[in-house]
Each structure stands twice: as C-alpha cells, then as structure tokens.
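# Below is the structure, and that's it, no one-letter string:
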Ligand code: GLA
C-alpha cells in the first residue's frame, strides 16, 4: 500500500528523466535561484528560462547601452549543467523602456524609427545567444483580453501597426535561422481569447511569417481554467501544425480574484486538489506529447515565485510540485510516477 504523501519513499526520480521521451521539463530561474535551487534545477529540469534577465529593459536600458551580464550568467549556468535555454522575451508591451518608443523630439517615435530599434535589439540579442538559446518567445501577449477587441492596445501597435508582430518574427528568423520562434500568451485557454490567438497564428502562417510554435503560459489555479477548456485549447492549438510549449506553468492554490491577505498556508484539501490537477494536466500533456515539446514551470519550488507578490503582495500561493524546502509534494508524485515500475522504488 502506498502511504499518503508517499513519505516512505526514499528515492526520488528525476522529473527530467521521467519525461525524457515526452518533452523537456523546464523552470524559470534568476540569479538568486540558480544558487538557492541549484540542486533541484540540475537534477529535475532539462531547460531553463530567465525570469526577467532577457527582457528588453534588462538587456537594453538605453539606446547605446546593452547589459548582458545577468543573462550571460544564466546561459553559463545552463551550459555548465547541460540545460537548454528558452529566450524570453523580445517584443512585449511590458518591461520595455520608454526610450524605445520616444523620438528625439520627445514625442512618440515614428513607425520606421521604432521598427529600426526593434530590429537592432533583436539582431543584437538573438545574435549574441545564437546556438546557446534554442528558441525565443518573440512576441509576448499581443492579444487583447477584452472580448470585443482583437489586438492589445500597445505602443508597438499604435506606432507601427499590426505588422509589428510579423516583423518581430522576421527579424528573429534572420538573426538566427535555426531558432524556434514562439508567440506566447496568457489566458490562453479562455475560449474567446484562444480563438483570437488562433486567428493571429493562422494569419501569420498564411503570410509565411516564420512562427514555429505557440507558448501557453499556463498561469492557472485550483479553480480556473477548467480541464475541459485546457483540453480544447490544446486540441485547437495542436491543429495549427505548430509546436506547443507550456511556458510559465504554475497552479496557485488561491483564486486570482480572491485578494484576501490572511489566507495562510494551504489546507490539506487544497494540496490534494492541486495534486489531482497536476496529475490531470500532465496526463493531458502526455497525450499530446507529439506536439508539446516542453513544459516549463514559472519557477521551481514554493520557496520562490512571482506569485509571492501577485496578485497580493506578501501572500504565498504554493503553486509548484516541490515545497518550500525543495521536497516533493503529492503533486510531484502524481506527475512523476506514471511510468515508474514499482521495482524502481526501494
Ligand atoms: C508574464 C510574462 C512573464 C512574467 C509573468 C509574471 O506571464 O510573460 O515574463 O513577467 O508575466 O511574472
């Protein structure tokens, strides 16, 4: 009989190895976690994504200034430990400095200037990490959440027009023809937003824009989205003939709209529900392993996640399969033991 929590288990299988014939298992990292979570990262993960260190504002704070030190250290960590690197992200409405959008006269830059800056940024960044970064989230979150609008209102859109998306992919492809290029977004399983993402991807493909994959961020929680919506989304994205990557997976134990600050630690039933959900979504991911090439968590263990400060500052959300002391949770066992023979256990 298996004990609750499988606490009698001595050995822990490596997630990366368990999934080696299915897809890469990834984690978002930063300069702190490559130290504090080094053991976990190198044992269980096969791919890393810099959490913030490759964003525009971090790499290119002023027109003539590039700051690569932090990103370089993460790439070096990956190289030293045989991990792949996903690049994140080239063109986004957030975490992009104002200078990019501003003309010499202080007014909004014209479309031509903005495109030239986008190209210079992409050439330099993608060029620098050619061969070390195998794929890029080229455009992040360009679709609007509100149901009656298609594209998100952003300075990229206002100042260049819709073609900013295709251009970003073309520049990235020119800079590294071997890189796998993704469109990445959140609320990706919401049927209305999903269909808009699909509309965008179909348009890009019809125009022969070099887009190779769709990134499903996967910021989920115990209540949302439904498994049915996740399944339909994966089915529909898979039908596009693009590869799918889950790029920022976390399953918070709290609902997004619940902004109470005093929720405390998760209850037993929350952790059980989380384990059940992880089991269900990974079963679904395995069903689609021919199109899903990577599943990246937006972190590695519950000691650190952006959700510690979002949507409620200072409130933890315990979204991962490893707990705050890096021990496997029930969620871990639910996704790790699906194919392990009993003899694998001591
Ligand atoms: C989005 C971005 C990520 C990150 C998360 C929150 O999903 O793509 O880079 O900023 O928000 O941490």
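Everything's here; your move. Just so it is clear, the structure is predicted and the values come from calculations on it, not from any experiment.
# Quick one: residues contacting residue 167.
Counting by CB atoms under 8 Å, 6 or more residues apart in numbering, residue 167 touches 115, 118-119, 160. All C-beta atoms are positioned from the backbone trio N, CA, C, and that covers glycine.
# Intersect those with the contacts of the ligand.
With the criterion set as CB under 6 Å from any ligand atom, no member of the contacts of residue 167 is near the ligand.
# Any chance of TSV for these, columns neighbour count, secondary structure and pLDDT?
Conversion of the contacts of residue 167 to TSV gives the following (neighbours: other CB atoms under 10 Å; DSSP: H, G, I helix; E, B strand; the rest coil; pLDDT from 0 to 100):
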residue	neighbour count	secondary structure	pLDDT
115	20	helix	98
118	21	helix	98
119	17	helix	98
160	21	helix	98
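# tell me the two of those residues that are most distant?
Within those, two members stand farthest from each other by CB to CB: 119 and 160, at 11.4 Å.
# tell me which parts of the chain are close to the ligand?
88, 140, 186, 217, 248, 306.
# Can you give me every residue that contacts residue 163?
Counting by CB under 8 Å, 6+ apart, residue 163 makes contact with nothing.
# Relative to the ligand, how far out is it?
Residue 163 sits 22 Å away from the ligand, going by CB to the nearest ligand atom, to the nearest Å.
# what's that residue sitting at in phi/psi?
Main-chain torsions, residue 163, degrees, to the nearest 10: phi -70, psi -10.
# Now do the same for residue 245: helix, strand or coil?
Under DSSP: H, G, I helix; E, B strand; the rest coil, residue 245 falls in the strand class.
# Spatially, what comes nearest to it if we skip its sequence neighbours?
Leaving aside its sequence neighbours, residue 245 sits nearest to residue 294 (CB to CB, 6 or more residues apart in numbering; 4.4 Å).
# right, and the one you found touches residue 83 too?
No. Residue 294 lies out of contact with residue 83 (CB atoms under 8 Å); the separation is 11.8 Å.
# Overlap of the contact sets of those two?
Here residue 294 and residue 83 have residue 47 as joint contacts, going by CB under 8 Å, 6+ apart.
# rewinding a little: show me the two of the residues of the chain next to the ligand that sit farthest apart.
140 and 306 (14.7 Å).
# which residues in the stretch 51-200 of the chain form strands?
Using DSSP state E, counting those that start in this stretch, the strands of the stretch 51-200 of the chain run over 84-91, 135-140, 180-185.
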